[in-house]
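>>> curious how this folds, go ahead:
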Amino acid sequence: MLVFMWQRLKNLLLSFQTYGALSPDLRVRRQVNRALRDRPSLNVEQWYVAHCQPQDIPYDVASFAYTHLEKYSGLNFARVVPSDRLDEDLQWTRVCWFDWAVSLCDDVLDEFGVDISDSFDEMSLDTVGDLLLALNDSLNPDVGAIPHTDLSFHNDVPSSQKL
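Numbering: from 1, shown residues only. Below you'll find the model as predicted:
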């Protein structure tokens, strides 16, 4: 009986360690949000017009990304721009739960009725713009007439506002 109780306590302690390793780093999240404060805050419509409409990303995809990516990251997406690098600028893997990509795939399925879980590869994404284009390509595969390599998200923030 004592061995069983000890094992349960040990499992509980290991669970807390694992939880800490897999949960967002709230200190880093606050730092990134603080750095974003110098940028203009755009509502979803303004964000769409400024960042997504020029790239032919539909409003429903932009709106989904704006709200859901903020939910996964805890970052103020009103101030995020497509040229922000996920890990270098936004510390994405540190501010999100470890399974944010699974949540994204589940939410895409719920919202759009499209299962992107087999094709979505978060490791291949460098910027928020890459993520937007990958999401759009997954949801609108027939629209691929525009080669996205010709599209540029890299000059949408003055250097004084870069993170």
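
>>> the helix-or-strand element of the chain with minimal mean pLDDT: what's the following helix or strand?
Every helix and strand of the chain was ranked by mean pLDDT, DSSP states H and E. The lowest is helix 2-22, at a mean of 57. Moving toward the C-terminus from helix 2-22, the next helix or strand (DSSP states H and E) is helix 26-36.

>>> which of the residues in that next one are buried?
Neighbour counts over helix 26-36 (16 or more other CB atoms under 10 Å) mark 29, 32-33, 35-36 as buried. Every residue, glycine included, has its C-beta placed from N, CA and C.

>>> so where's the chain uncertain?
For the chain, residues meeting the criterion pLDDT under 70 lie at 1-6, 8-22, 143-163.

>>> ok, and the closest non-adjacent residue to the most centrally placed residue in the chain?
By CA atoms, centre = their mean, the chain has its centre lying nearest to L69, at 4.2 Å. In space, and not counting its chain neighbours, L69 is closest to F77: 5.7 Å by CB to CB, 6 or more residues apart in numbering.

>>> for the one you found, give me its contacts.
The neighbours of F77, taking CB atoms under 8 Å, 6 or more residues apart in numbering as the test, are 47, 66-67, 69-70.

>>> for stretch 122-135, measure first residue to last.
One end of stretch 122-135 to the other measures 10 Å (CA to CA, to the nearest Å).

>>> measure the closest residue to S119 other than its chain neighbours to V32 for me?
Spatial nearest neighbour of S119, excluding adjacent residues (CB to CB, 6+ apart): S138 at 5.9 Å. S138 sits 26 Å away from V32, going by CB to CB, to the nearest Å.

>>> circling back: make a PyMOL selection of the buried ones in the contacts of F77.
This is the PyMOL syntax for the buried subset of the contacts of F77, where burial follows 16+ other CB under 10 Å:
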select buried, resi 47+66+69
